[in-house]
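**Q** Dropping a prediction and its sequence here:
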Amino acid sequence: MQVLEKELATKRIPVSPATWSALHDERQAGESYDIMLQRLMDEAGRYRLIRDTDQIEASGDFIPLDDLDR
């Protein structure tokens with residue numbers, strides 16, 4: 001999701017030096033911090049979806065699609 005520059009808000013988020021360093025290292029060449037944080041949030045969302053799906057599958061508490069009435 002690209003944001004127009006005029007829509008950007010200047011916010012300060014206090015982080016420890018170690019966190020700042022890790023974020024700096026995570027940034028790809030030419031990537032803004034806004035885009036990097038969006039990318040990291042997208043990755044976290046995909047991780048949660050996979051984790052939650054795996055937990056549901058492991059619990060056996062689901063109805064297989066083949067058993068649904070269509």
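**A** Right, received. Where do you want to start? Residues are numbered from 1 along each chain as shown.

**Q** and Ser32, what does it touch?
**A** By CB atoms under 8 Å, 6 or more residues apart in numbering, the contact list for Ser32 is empty. For every residue, glycine as well, the C-beta is placed using N, CA and C.

**Q** Next, it: phi, psi?
**A** phi -80, psi 160 (degrees, to the nearest 10).

**Q** Need the pLDDT of it.
**A** pLDDT, Ser32: 91.

**Q** Where do the strands of the protein begin and end?
**A** With strands called from DSSP state E, the chain shows none.

**Q** Below-threshold pLDDT in it: ranges please.
**A** 1-6, 70 (pLDDT under 70).

**Q** the helices in it, which residues?
**A** Using DSSP state H, the helices of the chain run over residues 17-26, 33-59.

**Q** do you know how far the residue nearest the centre of the chain is from Asp34?
**A** Residue closest to the average C-alpha location in the chain (CA atoms, centre = their mean): Met41, at 2.3 Å. With distances taken as CB to CB, to the nearest Å, Met41 is found 11 Å from Asp34.

**Q** Over to Asp25?
**A** Taking CB to CB, one finds Asp25 at 17 Å from Asp34.

**Q** What of Asp52?
**A** 27 Å.

**Q** Who has more neighbours out of Asp25 and Asp34?
**A** Asp34 (14 against 7; other CB atoms under 10 Å).

**Q** Confirm for me that the more buried one is in contact with Leu8.
**A** Yes. The pair Asp34 / Leu8 is scored as a contact, 6.7 Å apart, by CB atoms under 8 Å.

**Q** Looking at the helices of the chain, which is nearest to Asp66?
**A** helix 33-59 (14.9 Å; CB to CB).
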